[in-house]
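In: can you look at this prediction? I've put the sequence above it.
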Amino acid sequence: MQKRIVIIGAGPTGLGAAYRLHELGYANWTLYERNDYPGGHGTSFLDEQGFTWDEGGHVIFSHYPYFDRMVGEALGGEVRERIRESWVLCQGSFVPYPFQNNLRYLPKAAQVECLLGAARAWAGSEGRRAGNFRDWIINTFGEGIATHFMFPYNEKVWTTPLEEMSKDWIAERVPVIDFSRLLHNVVHGRDDVAWGPNSKFKFPLRGGTGEIYRRIARRLESKINLGKELAGVDRLKKTVAFTDGSGDRYDALVSTMPLDLLCKALAPVNPELLDSASRLRHNNLLVLGFGLRKKIQTTRCWMYFPDPGIPCYRATYFSNYSPYNVPDGDVDHYSSIMCEMSYNPGQSLNVSEITERTFHGLVAAGVLEEGDRERVVSRYSRQVPYSYPIPALSRDDALRSIQPWLMQNDIWSRGRFGAWRYEAGNMDHSVMMGVEAVNNILEGEEETTFSGKH
């Protein structure tokens, strides 16, 4: 008799698990999603003026042939491919990303400060241990790069003191330095922009990132139940209950909801589990969009803003990803800029005031002109809870306590917030965690993405 598999959440991880079950011809499963649409954080929205917006900056790049095949089957050839052109605004200059490899764009005094600091860090790197993310930045990049970019930018993204964050999540997320390379780039006036797995990326032609998951969900719609918000999980009876009074039973539960909320939903209550979950930290995201009746002449993809005077940490030329992100695909007359700002849970936002300050910051940066106020035909905003799972110093001990206990109770908590591991939180990682959870449930295969062996 087949095990009953219940999946909570129709984001990339939940749909990855569902896609794998469907591919295997496995019948005894159901997926429940609290929203009335699929996609999770990979969702996109169409506003009243005809502009498409993602829930933050998403692009398609991959470490996994399986993910590539799944996305390829969903979208066919309806994708756009781009070479990444990303920039950092620092000291009034736009510096190509990675910032530390392109210091020649800075004013001379800042160049010298960054190079001297990098030289000292490079010379003293042997035998210096960093106990947290802040120390790691100083040890790796030196005072200049830390002061001009790494400290202010990461403080905006994480909304967390950097000394309270671990350094163990970094992997390919942050490019480290080769001082000889930095020096040659400055002396010889050489650009160095190809670092990272997303140096080339794809994007859906229509419908934003959410189109991937809408199409996958359509194939599986007989097994997907939307508008089903979880009320509780009885781990002894192996049942799930929903706020509308319905429920289901399971032999294996794949949960993609935030791990701290899952722990609170479990009955009977486990005080030690709740204590561990209380040590997990996250922040939220405010997405702001400016849809303009104006053609923007640039090939840039996105820009980073370490300056605390600009509320957003990143702004994306979203209309450059696909012409169909603007009304009727008419990029000769329309364009769109999407901005992201992190904020802490419980923080009250004055969205209109933040929108105004963001617009002013974009004008000051030269991204927009003051006259563009009259050309803005769409002002979009969306508050997104649970944006970044913060790799705090307390995180790993909490996970070592929570995850084995859940597995002993036949609960696979996976995905960006189910696993609570930012370093494995890209779309490809998230999908593959769902796929590998199914392979583990049915065949006992090792979950290499979840375990960090990808």
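Out: Yep, it's here.

In: the closest residue to R314 other than its chain neighbours pairs with what?
Out: If the residues on either side of it in the chain are set aside, R314 comes closest to E340, at 4.9 Å by C-beta to C-beta, 6 or more residues apart in numbering. Where C-beta positions appear, they are placed from N, C-alpha and C, glycine not excepted. As for beta bridges, E340 partners with V287, R314 under DSSP bridges.

In: report the contact partners of A18.
Out: With contact taken as C-beta atoms under 8 Å, 6 or more residues apart in numbering, A18 is in contact with 7, 10, 29, 31, 216, 220, 223-224, 434.

In: just the ones in helices from these, please.
Out: If you go by DSSP state H, these have 216, 434 in helices.

In: picking up where we left off before, now for the residue nearest to R314: which residues touch it?
Out: By C-beta under 8 Å, 6+ apart, the contact set of E340 is 56-57, 285-288, 312-316.

In: what does E436 give?
Out: Contacts of E436 by C-beta under 8 Å, 6+ apart are 445-450.

In: also S322?
Out: The neighbours of S322, taking C-beta under 8 Å, 6+ apart as the test, are 80, 203-206, 208.

In: try R219
Out: Applying C-beta under 8 Å, 6+ apart to R219 gives the contacts 19, 22.

In: any weak-confidence spans in the stretch 51-200 of the chain?
Out: The model of the stretch 51-200 of the chain has pLDDT under 70 over residues 125-128, 171-176, 194-198.

In: where along it do the strands fall?
Out: Residue ranges of the strands in the stretch 51-200 of the chain, as given by DSSP state E, counting those that start in this stretch, are 52-54, 79-83, 86-90, 93-96, 200-204.

In: okay if I get the contacts of S322 as TSV plus distance to S387 and neighbour count?
Out: Shown next, in TSV, are the contacts of S322 (distance: C-beta to C-beta, whole Å; neighbours: other C-beta atoms under 10 Å):
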residue	distance to S387	neighbour count
R80	25	16
F203	20	23
P204	21	26
L205	26	18
R206	25	16
G208	17	26
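
In: doesn't C114 make contact with L103?
Out: Yes - applying C-beta atoms under 8 Å, one finds L103 in contact with C114, separated by 5.1 Å.

In: list residues touching both of those two?
Out: Common neighbours of L103 and C114 (C-beta under 8 Å, 6+ apart) are I145.

In: okay, helices next: where are they in the stretch 351-454 of the chain?
Out: With helices called from DSSP state H, counting those that start in this stretch, the stretch 351-454 of the chain shows them at 351-364, 395-408, 427-443, 448-451.

In: which residue ranges form the helices in the stretch 101-250 of the chain?
Out: Assigned by DSSP H, counting those that start in this stretch, the helices in the stretch 101-250 of the chain fall at 108-123, 133-145, 151-158, 179-188, 210-219.

In: and the ones you listed as CSV, adding distance to S378?
Out: Rendered in CSV, the data for the helices of the stretch 101-250 of the chain read as follows (distance: least, C-beta to C-beta, whole Å):
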stretch, distance to S378
helix 108-123, 37
helix 133-145, 37
helix 151-158, 25
helix 179-188, 40
helix 210-219, 18
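
In: if I pick E143, what's in contact with it?
Out: E143 neighbours (C-beta under 8 Å, 6+ apart): 113, 117, 120.

In: do that again at 6 Å, thanks
Out: For E143, the contact set (C-beta atoms under 6 Å, 6 or more residues apart in numbering) comprises G117.

In: got it, and V431?
Out: Going by C-beta under 6 Å, 6+ apart, V431 touches 12, 16, 67.

In: which one of those residues is nearest D36?
Out: Of all those, D36 sits closest to P12, with 18.0 Å by C-beta to C-beta.

In: about what we covered before: to Y304, which of the strands of the stretch 51-200 of the chain lies closest?
Out: Proximity to Y304 (C-beta to C-beta) singles out strand 86-90 among those, at 4.6 Å.

In: and the pLDDT at the closest residue to D330 other than its chain neighbours?
Out: Leaving out its chain neighbours, the residue that sits closest to D330 by C-beta to C-beta, 6+ apart is P323, at 7.5 Å. Per-residue pLDDT puts P323 at 96.

In: what of V367?
Out: 94.

In: phi, psi for it please.
Out: phi -80, psi -40 (degrees, to the nearest 10).

In: check the gap between it and I310 for me.
Out: With distances taken as C-beta to C-beta, to the nearest Å, V367 is found 10 Å from I310.

In: from the contacts of E340, which is closest to P385?
Out: L285 (8.2 Å).

In: what's near enough to touch the residue nearest to that closest one when sequence neighbours are not counted?
Out: Nearest residue to L285, sequence neighbours excluded (C-beta to C-beta, 6+ apart): S387, at 3.5 Å. Listed by C-beta under 6 Å, 6+ apart, the contact set of S387 reads 283-285.
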